[in-house]
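*Asks:* Coordinates only, no sequence provided:
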DNA sequence: GAAACTACGGTACTTGCCGTACCTTAATTG
DNA sequence: CAATTAAGGTACGGCAAGTACCGTAGTTTC
C-alpha cells in the first residue's frame, strides 16, 4: 500500500491508529467479523500486525472497536400514543438487528461468548442505550395515564426488547416479521404495562 | 489404543459410532466444547478422524450430538399453586443453565452463531421441551381459575423463560440469583398471566 | 468359499490465522 | 546531534480443522 520512495512520511500515533481503525471498519463491513483477520487489516492499513497488537490486545477487541465506530444511538419516538411509540422502538431495534451492522453485533456477541467484561462494552451501546429509550417512552405514557407507574421498573420496561432480542439470539432469525413485533406488543407488552385492574386474590 | 495382535476385532458401524460418541461426551464433559478437538476424540475412541468425519460433517455437529446425549427432559412441577409452579420451573431452568451442562449449551449456541438450522437441534431439547412445561403448568392454573386463558398463547406462556435466558445469553452471568427469578415472576409473569381486570380504553 | 465391496486404521499433509519475536529504520525528543 | 521511542519487515511457532491416500480387515454376494 505504501509506495517506497514516494516521499511518504511514516505515520505514528493517532494518525496510524485511525488508519488501522478505518481499515478494520472497512474489513468488518465487507466481510463481517468472521472475515476480519489481523493480516488483512494490517495490509489494508498499509502497516503490519505489530502496530495493531500494540493498540489492541487481540482480534476481538479490535472487532469491538470497529463496531463501536459504526454504531449510532437510537432516538426515542414521541407520537403521543403508547402503542405507536412502543411499536416504533421495536421496529427501530428490529431494523438494527436485521441490518448488516446487527449481523456483526451478533457475531461479536457470539465470539465474546459470555465474557461479561467484554460484553459490557457492547451492552453499553446496544442494550443500555435502548433501555433508556424505553424508560423515556414509558415515562411519557405514565404521565398521560396510559401506563401504570410499576411499568417503570427496568425489568418490566425492557420486556419487549428482550423478547425481540430472543428472536435473534436464540432462534437465529435474520429478521423478525412485523407480525411478531405486533404480537409482542399486543399480547405481552401492553397488557403488562397498562394500568392494571384490581387483582383477584 | 488398540493392541495389535490382541485378538481385537475391528469395530464398525453402530458399535464404532457409539464409541466415538461416548468419547466425545467424555471430552466435552471434561473440557467443554472449546476443548473438544477432533484429534482427541479420535484418540480417545481408539480410532482416527476419518471415522468421525464419515459420520459428522464438522466439529460443531459432533458437539451438538454429544450435548444431546447428556441433556435430559424437564419434569413440570405440580404444587397446586401457580406461583410455586412457575418459580419451580424457573429454578429448574436456572440450575440447568448454571450447571456445567448449561455452560456447554452456551458454548454451542455461541459457536453456532445464529445458524438457524443447527440451532433448531438444540432448541428442540432446551426451549421447546421447556415450553411444554410452561403450557402444562399454565393449563392447570387456567383450570383452577388462577390464570386467564389468554396466557396459553405461546408467546405469553414462555415470557418468564425468555427473560431468564436473557440473563445468561446476553449478560454472561454464570448463574442468576434467586432474587432475579422472584422478580421475574412477581413483577412480570404473574401480572401478565393472571386474570386481567377490566382494561381501560 | 472366493471375489467384490465397503469401511476402518494409520499417517501425513495442507490450510488458515492468531499471536510473538527480532531486528532494522525512521521520527521525535532533549 | 545523541538517545529514545515507535513503525516496518519478515519470519516463525503453534494449533486445530479438514483432506487425501492407501493398505487392510470385515461384510456381502453369488
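*Replies:* Nice, I can see it. Quick caveat: nothing in here was measured; it's all calculated off a predicted structure. Residues are numbered from 1 along each chain as shown, chains lettered A, B, ... in the order given.
*Asks:* what about chain A, any weak spots by pLDDT?
*Replies:* Low-confidence regions of chain A, defined here as pLDDT under 70, cover residues A:1-8, A:114-128, A:196-201.
*Asks:* mind listing the helices for it?
*Replies:* Listed from the start of the chain, chain A has helices (DSSP state H) covering A:13-31, A:38-44, A:49-53, A:59-70, A:82-98, A:100-112, A:116-123, A:129-144, A:154-157, A:159-169, A:178-183, A:190-193.
*Asks:* separation between residue A:149 and DNA strand C?
*Replies:* Between residue A:149 and DNA strand C the distance, using CB to the nearest atom of the strand, to the nearest Å, works out to 48 Å. For glycine as for every other residue, the C-beta is placed from the backbone atoms N, C-alpha and C.
*Asks:* Leaving aside the residues adjacent along the chain, what's closest to that residue?
*Replies:* The shortest distance from residue A:149 to any residue other than its chain neighbours is 5.5 Å, reached at residue A:142 (CB to CB, 6 or more residues apart in numbering or on different chains).
*Asks:* quick revisit: can you list the helices of chain A in TSV and add mean neighbour count and distance to residue B:187?
*Replies:* Below are the helices of chain A laid out as TSV (neighbours: other CB atoms under 10 Å in any protein chain shown; distance: least, CB to CB, whole Å):
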stretch	mean neighbour count	distance to residue B:187
helix A:13-31	17	38
helix A:38-44	17	45
helix A:49-53	16	46
helix A:59-70	19	32
helix A:82-98	19	18
helix A:100-112	19	26
helix A:116-123	16	21
helix A:129-144	18	14
helix A:154-157	18	5
helix A:159-169	23	10
helix A:178-183	15	21
helix A:190-193	21	9
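*Asks:* isn't residue A:76 right up against residue A:89?
*Replies:* Yes. Applying CB atoms under 8 Å as the test, residue A:76 and residue A:89 come out as touching, 6.6 Å apart.
*Asks:* got any residues that touch both of these two?
*Replies:* Overlap between the neighbourhoods of residue A:76 and residue A:89 consists of A:133, A:137, taking contacts as CB atoms under 8 Å, 6 or more residues apart in numbering or on different chains.
*Asks:* Up against DNA strand C, what does chain A have?
*Replies:* Taking CB under 7 Å from any atom of the strand, the part of chain A that reaches DNA strand C is made up of A:9-10, A:12, A:36-39, A:49-50, A:53, A:58-59.
*Asks:* Adding distance to residue A:184, write the residues you listed out as a markdown table.
*Replies:* Putting these into a markdown table (distance: CB to CB, whole Å) gives the following:
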| residue | distance to residue A:184 |
| --- | --- |
| A:9 | 55 |
| A:10 | 54 |
| A:12 | 51 |
| A:36 | 33 |
| A:37 | 38 |
| A:38 | 40 |
| A:39 | 43 |
| A:49 | 45 |
| A:50 | 48 |
| A:53 | 44 |
| A:58 | 37 |
| A:59 | 35 |
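*Asks:* Write out the residues of chain A neighbouring DNA strand D.
*Replies:* Chain A comes close to DNA strand D at residues A:2, A:4, A:10-13, A:16, A:46-51, A:54, as judged by CB under 7 Å from any atom of the strand.
*Asks:* ok, 10 Å please
*Replies:* A:1-4, A:8-17, A:19-20, A:38-39, A:42-43, A:45-55 (CB under 10 Å from any atom of the strand).
*Asks:* any idea how far the residue nearest to residue A:149 lies from residue A:69?
*Replies:* 36 Å (CB to CB, to the nearest Å).
*Asks:* Kindly report the same for residue A:113.
*Replies:* If you go by CB to CB, the gap between residue A:113 and residue A:69 works out to 22 Å.
*Asks:* And the closest residue to DNA strand D within chain A, its phi and psi?
*Replies:* As assessed by CB to the nearest atom of the strand, DNA strand D sits closest to residue A:47 within chain A, at 3.1 Å. The phi and psi values for residue A:47, taken as degrees, to the nearest 10, are phi -140, psi -150.
*Asks:* Looks like it contacts residue A:16 (just checking).
*Replies:* Yes. Distance between residue A:47 and residue A:16: 6.6 Å, which falls inside the contact criterion (CB under 8 Å).
*Asks:* quick one on the thing from earlier: am I right that the residue nearest to residue A:149 is in contact with residue A:150?
*Replies:* No. Residue A:142 is beyond contact range of residue A:150, at 9.4 Å (criterion: CB under 8 Å).
*Asks:* For DNA strand C, see how far away the residue of chain A closest to DNA strand D is.
*Replies:* Where DNA strand C is concerned, residue A:47 sits at a distance of 12 Å (CB to the nearest atom of the strand).
*Asks:* Number of residues surrounding that residue?
*Replies:* By other CB atoms under 10 Å in any protein chain shown, the residues close to residue A:47 number 19.
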